[in-house]
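In: structure, please.
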Amino acid sequence: MASVGRAQDRVVLYAAIGAELMQYDANVESGALIKRGSVTLPANIQYAWPHPSRKYLYVAWSNGGSSYATPGASIVPSGSQHGVSAFQIDSTSGALHLHGAPAMLPSRPIHVSTDPNGTHVLVAFNNPSGVMVYRLNNDGTIAPDPVKPAAPVDPGIYAHQVRVDPSNRMAILVTRGNGPAGNKPEDPGALKIFSYEDGVLGNEISIAPGGGFNFQPRHLDFHPTRPWVLLSLERQHKLQVYEKLKDGTLRPMASFTQESLADSSHVASRQNAGTVHVHPNGRFVYQANRAVTADSAGRAVFSGGENSIAVYSINQKTGEPTRIQNIDTRGAEPRTFSLDASGRLLVAANQTPMVVREGSDEKVVPASLAVFRIGGDGKLEFIRKYDLQAGGSKSLYWMGLVSLP
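Out: Below is the predicted model:
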């Protein structure tokens, strides 16, 4: 997530550990981060999204989900408190001020976003899978009741993200499905495509190559000027490109598929792809690779794999991505990352501390914010990282950069 802005805009970084949402000044030239303050939500933060005006930030929270699960447990608590809160962003300092009453939700929200014209906020739910749309009042506060869809929607299995296309005519619910586990077979994934008009979802079609099996979409982004959707496949660790059609849907088969890992011949058993973001100039795209740590006696232990940001150049005529770099994030599980609006800075959030074994010795690599400079060729140069106190039920679950107006 990167808000639209100019190179000279002041940039603020927001990072969530548990229920605390921290605010940092981000210096685009030096890569320095300076903590300025924080606010606390009613429960652990799941995701956040700035209003297109950059005057408000919408923060989804819940006391359910994986962050509240007992380490090693197979049951993830559903929780009893879920909502989206609006905050007003101070245009000078970036400080957050609670703005109106939260919209109370029926279950854990896993993703939140606004439509391009900033009239509605959309929420995706993973269990049970679903999507809801809430109208935003003229002052940026959230209306309490959801907008009714034109007809009941098919929410797929395990929704993970919802986005509205820049045309404001199409919404996409990314439903990941689930990989096989033990005696439980695979649940198919899909892209659920909806028509979208003034917050009303309708006319759903489903894109699920191979019936959705071996297809676990997690996260997508839109090219800023061309009709291309860039999609990250989690368990398959792939990047795909889909073409938008004039009827407001997508071509049902990917135009291109690329491997996200530097070495796909030696893949760790717990290796996943994650978040994907297109550079503001549309010439490059970035994708997270996550080596998910294994639980050992209540500790997150590194069992091999790649924690990196994959960098691709995009052919501006065809949309084909070519991977040009994989750079280590210096930590574990970069669940989210963000680019500043000028496209000069990328910050990755290494979600959890991990134990790394080196022979008979062990060392703990903390959760962190890893800062990279973006070159003119799109490649990343590591600047520094900021270690944070996180772990257990308080992981570094979300972060984003916002350019102040």
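In: strands along the stretch 101-250 of the chain, start to end?
Out: 103-104, 109-114, 120-126, 129-136, 142-146, 159-164, 170-175, 190-197, 200-207, 217-222, 228-233, 238-243 (DSSP state E, counting those that start in this stretch).
In: just the stretch 301-405 of the chain next, same as before
Out: 308-314, 321-328, 332-339, 345-352, 354-358, 361-365, 367-374, 380-388, 396-403.
In: could you report the neighbour count for the residue lying closest to Thr249 once chain neighbours are set aside?
Out: Of all residues not flanking Thr249 in the chain, Ile193 sits nearest, at 5.1 Å (CB to CB, 6 or more residues apart in numbering). For glycine as for every other residue, the C-beta is placed from the backbone atoms N, C-alpha and C. When neighbours are counted by other CB atoms under 10 Å, Ile193 registers 21.
In: against Ser360, how distant is Ile193?
Out: Ile193 is 53 Å from Ser360, where distance means CB to CB, to the nearest Å.
In: cool, Val285 as well?
Out: From Val285 to Ser360 the distance is 42 Å (CB to CB).
In: out of these two, which sits in the busier spot?
Out: More crowded of Val285 and Ser360, by other CB under 10 Å: Val285, with 25 against 5.
In: what residues are bridge-paired with Asp361?
Out: Glu358 (DSSP bridges).
In: next, count neighbours for it.
Out: For Asp361, the neighbour count with other CB under 10 Å is 7.
In: next one, pLDDT for Ala101 please.
Out: The model reports Ala101 with a pLDDT of 97.
In: nearest to Gly400 among the strands of the stretch 101-250 of the chain would be which one?
Out: strand 109-114 (11.3 Å; CB to CB).
In: which residues are contacting that closest one?
Out: Outside of strand 109-114, the residues within contact range by CB atoms under 8 Å, 6 or more residues apart in numbering are 46-52, 58-62, 65, 82-84, 120-126, 136, 159-164.
In: pLDDT below threshold where in this protein?
Out: For the chain, the stretches with pLDDT under 70 are 1-8, 70-74, 297.
In: repeat that with 80
Out: 1-9, 66-75, 266, 268-269, 293-300, 358-360, 392 (pLDDT under 80).
In: going through the contacts of strand 109-114, which ones are buried?
Out: Buried by 16 or more other CB atoms under 10 Å: 46-51, 58-62, 65, 82-84, 120-126, 136, 159-164, out of these.
In: you'd agree Ser67 is in a helix?
Out: Yes. Per DSSP: H, G, I helix; E, B strand; the rest coil, Ser67 lies within a helix segment.
In: how close does it sit to Ile89?
Out: Ser67 sits 25 Å away from Ile89, taking CB to CB as the criterion.
In: with neighbour numbers in mind, choose between the two.
Out: Ile89 (26 against 23).
In: I'd guessed the more buried one sits against Val59; true?
Out: No. Counting by CB atoms under 8 Å, Ile89 stays clear of Val59, with 11.5 Å between them.
In: count of neighbours near the closest residue to Val356 other than its chain neighbours?
Out: Using CB to CB, 6+ apart and skipping residues adjacent in sequence, the residue nearest Val356 is Phe302, 4.9 Å away. By the measure other CB under 10 Å, the count of residues near Phe302 is 19.
In: same check on Phe213?
Out: Neighbour tally, Phe213, other CB under 10 Å: 15.
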